[in-house]
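Colleague: I would like the atomic coordinates for the input below:
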Amino acid sequence: MTLPIEPLQVNSLKSACVARLEELILSGELKVGERLPAERDLAARLGVSRPVLHEALVDLAVKGLVTINPRRGVVINDFRKSGSMAILSSLLSYHNGEIDPNLTSSLLSMRILVETETARLAAKHASAAQLDELRKIVQNELTADHSSITTLVELDFEFHLLISIASENMAYPLILNSFKTVYTHFTTVFYQKTAGSVVVDEVHAFHQHLLIALESRDAKKSFEIMKSLLEHGEEFLGI
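Modeller: Predicted coordinates for the structure are as follows:
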């Protein structure tokens, strides 16, 4: 098997090794079911040691991109069947920050499903301390520099993450954190398009109304406001 592989010459050889192999898999140059060369041969072609290559392969296995079988070697997986949330960041990096439209639509649909539920549950379970923290985030949004995309993105993620924590469902904040790279990609694109405009004020108004609904313990209202907030974002992303 001939692969377009050249020796790596960068500081983090493990990370570069992971990135190179991910690129070959996601591009389809390495086919599903295909077996990689023996570790000794593959390490030599990449210009890394066998321990570095093995660590990289373990990372790929955790993501579901390959299966390591002591007898059969390393086999390429169909990531749609075996991939984990960790692969979302890899897909984003592979496409240089651009996500396939079908994947984008799927991710945003998942976000609506998860976050409307976190808002509904947070209305029932949020503690006084969590509500107080949400108030501080909302206040920070009002006084933040609305032309600073980094600040807007950070505050936005903090707001949504805290709501997921307040849901008292242990899985939801873990999902959101796993989704963070892609999540902040979307919000960065959104604020790049809207920074300095009234649209930012509209988002923060949604946050204020959602906070009021949470304080009132109105689960239905919290669900509806979160849904409207996310649909508002999709509209400006052109989804």
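
Colleague: contacting residues around the nearest residue to Leu230 once chain neighbours are set aside?
Modeller: Distances taken as C-beta to C-beta, 6 or more residues apart in numbering put Ile112 closest to Leu230, at 5.0 Å, once the chain neighbours are dropped. Backbone N, C-alpha and C define where each C-beta goes, glycine included. Contact analysis of Ile112 by C-beta atoms under 8 Å, 6 or more residues apart in numbering lists Lys227, Leu230, Glu231.

Colleague: and the last one, which of the three is it?
Modeller: By that I understand Glu231. At Glu231, secondary structure determined by DSSP: H, G, I helix; E, B strand; the rest coil is helix.

Colleague: And for the first one?
Modeller: Applying three-state DSSP to Lys227 yields a three-state assignment of helix.

Colleague: Would you mind listing the buried residues in the longest helix anywhere in the chain?
Modeller: Determined from DSSP state H, the single longest helix within the chain is helix 101-125. Of all the residues in helix 101-125, those buried under the rule 16 or more other C-beta atoms under 10 Å are 104, 107-108, 111-112, 114-123, 125.

Colleague: Any figure for the gap between Leu53 and Gln208?
Modeller: 52 Å (C-beta to C-beta, to the nearest Å).

Colleague: Then Ser109?
Modeller: 26 Å.

Colleague: just Asp201 next, same as before
Modeller: 10 Å.

Colleague: between these two, who's got more neighbours?
Modeller: Gln208 (16 against 13; other C-beta atoms under 10 Å).

Colleague: which ones are touching the more buried one?
Modeller: So Gln208 contacts Val138 (C-beta under 8 Å, 6+ apart).

Colleague: What's the per-residue pLDDT of it here?
Modeller: Gln208 carries a pLDDT value of 98.

Colleague: Is it within a helix or a strand, and which one?
Modeller: helix 198-215 (DSSP states H and E).

Colleague: now that helix against helix 101-125, angle please.
Modeller: 40 degrees (axes from the mean of the first three to the mean of the last three C-alpha atoms, to 10 degrees).

Colleague: So which bits of helix 198-215 are buried?
Modeller: Val199, Val200, Val203, His204, Phe206, His207, Gln208, His209, Leu210, Leu211, Ala213, Leu214.

Colleague: Nearest to Ile149 among those?
Modeller: Val200 (10.1 Å; C-beta to C-beta).
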